[in-house]
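>>> Sequence and computational prediction follow.
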Amino acid sequence: MGRSGLTRAGIVAAAVGVADAEGVAALSMRSVGKRLGVEAMSLYHHVANKEDLLDGMVDAVFAEFHAPEVGGAWREEMRARHHSARAVLKKHPWAVGLMDARRNAGFETLRHHDAVLGCLREAGFSLALTGHAFAVLDAHLYGFLVQELSLAFDGEQDLAELGEQILTALPEGQLPYFREFTLEHALQPGYAFGDEFEVGLELLLDGLAARLEGS
């Protein structure tokens, strides 16, 4: 690709590809240029620097989230937004810690936030309750992804081996509640930590619905 074929969107897409494949630590103007088959210097005609590139990458990830429909049923819209965001962030795990960390928010970022705010406001949420809802939903979304992506096990078999290793090392008679939870719940067939995402979301939605009804 020659310099004349470069666009900001194409450069951002290539940068996302680098981060997806190798992690954000591997991201540099040189690595993006290499992926595009151009010299790194040619990228500066479209992005100011690496920070500008990161801003664009985060904006591109926000663009993949489901944007709640303003005027739509708020619970269904927040649920759809939550599940789509989880799927997107599992595809781009490097983005989890960056989504609200950029000082120069792009249009897609602001458009997404506006859609969330609008959906809640049109459903009757006060400004204060809108703020509470947005904060707690994002805390659940991003917090859960941090846990899910950093788990020390992968799948039931790996969890069973880890559980056996931990329990074997425990002094007899110690930590009874941890032992009970591990043996009678976490190590039972079909257990998956990821299932807690839906449960936690529904608890939050129930709580917000109750608060909205009482306001």
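It's in.
>>> Thought residue 162 was touching residue 187, still the case?
No. Using CB atoms under 8 Å, residue 187 makes no contact with residue 162, being 9.6 Å away. No exception for glycine: its C-beta is placed from N, CA and C like everyone else's.
>>> In contact with the nearest residue to residue 126 once chain neighbours are set aside, which residues are there?
For residue 126, ignoring the flanking residues on the chain, the nearest one in space by CB to CB, 6 or more residues apart in numbering is residue 215 at 6.1 Å. Residues counted as contacts of residue 215 (CB atoms under 8 Å, 6 or more residues apart in numbering) are 124-126, 129.
>>> likewise residue 160?
Per CB under 8 Å, 6+ apart, neighbours of residue 160: residue 187.
>>> low-scoring stretches of the chain, by residue?
Applying pLDDT under 70 to the chain flags the ranges 1-4.
>>> mind listing the helices for it?
Using DSSP state H, the helices found in the chain span residues 8-22, 29-36, 50-64, 74-91, 107-122, 127-149, 155-169, 176-181, 196-214.
>>> and the first one, which residues are buried?
Residues of helix 8-22 classed as buried under the neighbour-count rule (16 or more other CB atoms under 10 Å) are 11-16, 18-19.
>>> can you put those residues in JSON lines and add distance to residue 53?
Listed next are the buried residues of helix 8-22 as JSON lines, based on distance: CB to CB, whole Å:
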{"residue": "11", "distance to residue 53": "7"}
{"residue": "12", "distance to residue 53": "7"}
{"residue": "13", "distance to residue 53": "11"}
{"residue": "14", "distance to residue 53": "10"}
{"residue": "15", "distance to residue 53": "5"}
{"residue": "16", "distance to residue 53": "10"}
{"residue": "18", "distance to residue 53": "10"}
{"residue": "19", "distance to residue 53": "10"}
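>>> Residue 169: which of the residues you listed is nearest?
residue 19 (37.2 Å; CB to CB).
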